[in-house]
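In: Structure of the sequence below:
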Amino acid sequence: MVIWSGLGFLVAVITFGSCLLFNFLLDAQFGEGYYSSHQWAIGAALIVGGIVSSGIGFILKGRSDRYVVDEETGERMVINNSNHSFFFVPMHWAGVVIVVIGIGVAVSDAFN
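Out: Numbers count the residues shown, from 1 in each chain. From the prediction side, this is the model:
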């Protein structure tokens, strides 16, 4: 089962990378276990990862279709370069969903 199309897998890669980077930086600055014990840090990492994913998704969405002609038959085919999705959600909207989840995680930490 394929859960992405095009470059949609970058949503997971970018979000995971953002969380990993925040983990290393915050633990190095404030001590081991700081990132995992503070929900706002996890929310901030999700927000950054979602913004980057969404931005890349909007850039990739703007790519135009490419037309290819088969030399043997002369048939003209269209290659869609703008279809990038993750779990059947377009990449630019998947990033927005991750940002909303990150805001929810960060805000929930403020009220605990």
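In: going forward, measure contacts between C-alpha atoms and count neighbours the same way
Out: OK.
In: Show me how far the helix or strand encompassing V96 is from its chain's centre.
Out: Using DSSP states H and E, V96 falls within helix 91-110. Remark: helix 91-110 is offset 11 Å from the chain centroid, using C-alpha atoms, centre = their mean, to the nearest Å.
In: got the contact list for that helix?
Out: Outside of helix 91-110, the residues within contact range by C-alpha atoms under 8 Å, 6 or more residues apart in numbering are 8, 11, 38-58, 61, 84-86.
In: okay, it in PDB with CA atoms only?
Out: Once non-C-alpha atoms are left out, helix 91-110 reads as follows in PDB (Å, rounded to 0.1, in the frame of the first residue of the first chain):
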ATOM      1  CA  MET A  91       1.400  17.900   0.600                       C
ATOM      2  CA  HIS A  92       0.700  21.600   1.100                       C
ATOM      3  CA  TRP A  93      -2.400  20.800   3.200                       C
ATOM      4  CA  ALA A  94      -0.700  18.000   5.100                       C
ATOM      5  CA  GLY A  95       1.800  20.600   6.300                       C
ATOM      6  CA  VAL A  96      -1.000  22.800   7.500                       C
ATOM      7  CA  VAL A  97      -2.600  19.900   9.400                       C
ATOM      8  CA  ILE A  98       0.800  19.300  11.100                       C
ATOM      9  CA  VAL A  99       1.000  23.000  12.100                       C
ATOM     10  CA  VAL A 100      -2.500  22.800  13.700                       C
ATOM     11  CA  ILE A 101      -1.500  19.600  15.600                       C
ATOM     12  CA  GLY A 102       1.700  21.400  16.800                       C
ATOM     13  CA  ILE A 103      -0.300  24.400  18.000                       C
ATOM     14  CA  GLY A 104      -2.600  22.100  19.800                       C
ATOM     15  CA  VAL A 105       0.300  20.300  21.500                       C
ATOM     16  CA  ALA A 106       2.000  23.600  22.500                       C
ATOM     17  CA  VAL A 107      -1.200  25.100  23.800                       C
ATOM     18  CA  SER A 108      -2.100  22.000  25.800                       C
ATOM     19  CA  ASP A 109       1.200  22.300  27.600                       C
ATOM     20  CA  ALA A 110       0.300  25.900  28.700                       C
END
